[in-house]
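Asks: Just to be clear, the model below is a prediction. Sequence and coordinates:
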Amino acid sequence: MSSDNGSLVEARGVDKVFKRGSEEIHVLGGLDLTVPQGEFLALMGPSGSGKSTLLNLMGGLDRPTKGTVEVAGQRIDNLSERRLATWRSRHVGLVFQFYNLLPVLSAERNVELPLLLTKLSKKERRQQVATALSVVGLDHRNRHYPRQLSGGEQQRVGIARALVTDPTLLLCDEPTGDLDRKSGDGVLDLLETLNRKQGKTIVMVTHDPHAAARASRTLYLDKGRLTTEPVE
């Protein structure tokens with residue numbers, strides 16, 4: 001379900017403080033963010049500005065020090081670890097810069113991994129894997145291992161793995177950061193298609209203005225707060 005006002009993500013008054021020994025590192029401070037359902041949002045900012053931290057908070061991979069995070073009408077900052085893991089498996093698809101594929105598994109087995117946490121039968125899992133690989137244009141490479149795939153193809157497998165559970169929210173952390181321009185453009189084409197034709201809500205962290213230009217909105221993170229203006 002989504003919030004009544006059409007927003008999918010609502011973060012309010014979010015602080016995030018990391019402790020390193022006796023030192024406190026303030027990464028996010030009093031941050032507010034609304035992501036409407038069906039938006040393709042790019043997050044930009046200098047290294048260390050907290051972009052990945054914010055992404056992790058939206059995905060339930062981390063918790064705010066203060067403030068609330070609500071996704072699809074569910075407050076996730078106060079869920080138990082067990083309930084959070086269940087929620088995450090249903091609602092969040094994660095795409096990483098370095099693919100995070102298991103080299104000993106074929107493309108289809110890598111894509112199947114999130115489904116092993118569900119109650120689906122083997123046949124149902126295979127059907128969903130086939131659909132996800134077809135969506136990213138790799139159904140003909142389903143038996144290939146990561147070492148037999150190009151970087152762009154590996155990232156497409158990563159996207160298929162993120163999609164296989166039909167998540168509410170797709171979170172991409174530098175999805176083109178390890179790719180050449182041509183392969184990166186192919187991945188961005190795919191993300192745009194998922195957003196425009198399938199209505200997927202996507203939040204993408206990127207350093208690349210070329211990648212951010214594909215999004216429907218870009219926000220910049222600076223000193224723990226969001227702005228609509230590029231950070232100098």
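Replies: In hand now; what should we look at?
Asks: mind listing what's buried in the lengthiest helix in the chain?
Replies: When the chain is parsed with DSSP state H, its longest helix is helix 181-198. Across helix 181-198, burial judged by 16 or more other CB atoms under 10 Å covers S183, G184, D185, G186, V187, L188, L190, L191, L194, N195. Any C-beta I mention is one placed from the backbone N, CA and C, and that applies to glycine too.
Asks: and what of stretch 202-222?
Replies: 202-206, 208, 211-212, 214-215, 218-222.
Asks: From one end of it to the other, what's the distance?
Replies: 21 Å (CA to CA, to the nearest Å).
Asks: Same check on stretch 147-156?
Replies: First-to-last residue span, stretch 147-156, CA to CA: 14 Å.
Asks: And the contacts of that stretch?
Replies: 95, 99, 101, 103, 107, 136-138, 141, 146, 157, 175-176, 178-180, 182-184, 186-187, 190 (CB atoms under 8 Å, 6 or more residues apart in numbering).
Asks: 7 Å instead, please
Replies: 99, 101, 103, 107, 136-138, 141, 146, 157, 175, 178-179, 183, 186-187, 190 (CB atoms under 7 Å, 6 or more residues apart in numbering).
Asks: which residues in this structure form strands?
Replies: Along the chain, the segments classed as strands by DSSP state E run 7-20, 23-36, 40-44, 66-71, 74-75, 92-95, 169-173, 201-205, 217-222, 225-227.
Asks: so what strands line up beside the first one?
Replies: In the sheet, strand 7-20 lines up against strand 23-36 (antiparallel), strand 66-71 (antiparallel) (DSSP bridges).
Asks: ok now it, how far from the chain's centre?
Replies: 16 Å (CA atoms, centre = their mean, to the nearest Å).
Asks: Quick check: buried residues in that strand?
Replies: In strand 7-20, counting by 16+ other CB under 10 Å, buried: S7, L8, V9, E10, A11, V14, K16.
Asks: Thought G67 was touching the fourth one, still the case?
Replies: No: look at E10 against G67 with CB atoms under 7 Å: they stay out of range, at 10.6 Å.
Asks: Local confidence estimate at the nearest residue to P167 once chain neighbours are set aside?
Replies: Nearest non-adjacent residue to P167, counting by CB to CB, 6 or more residues apart in numbering: G93, 3.8 Å away. Here, the pLDDT recorded for G93 equals 92.
Asks: swap in P230?
Replies: So P230 comes in at 81 (pLDDT).
Asks: Nearest residue to it in space, ignoring adjacent ones along the chain?
Replies: Y220 (5.6 Å).
Asks: now the buried residues of strand 7-20 in a markdown table, with distance to G48 and pLDDT?
Replies: Conversion of the buried residues of strand 7-20 to a markdown table gives the following (distance: CB to CB, whole Å; pLDDT from 0 to 100):
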| residue | distance to G48 | pLDDT |
| --- | --- | --- |
| S7 | 28 | 90 |
| L8 | 27 | 93 |
| V9 | 23 | 94 |
| E10 | 25 | 94 |
| A11 | 19 | 95 |
| V14 | 17 | 94 |
| K16 | 13 | 93 |
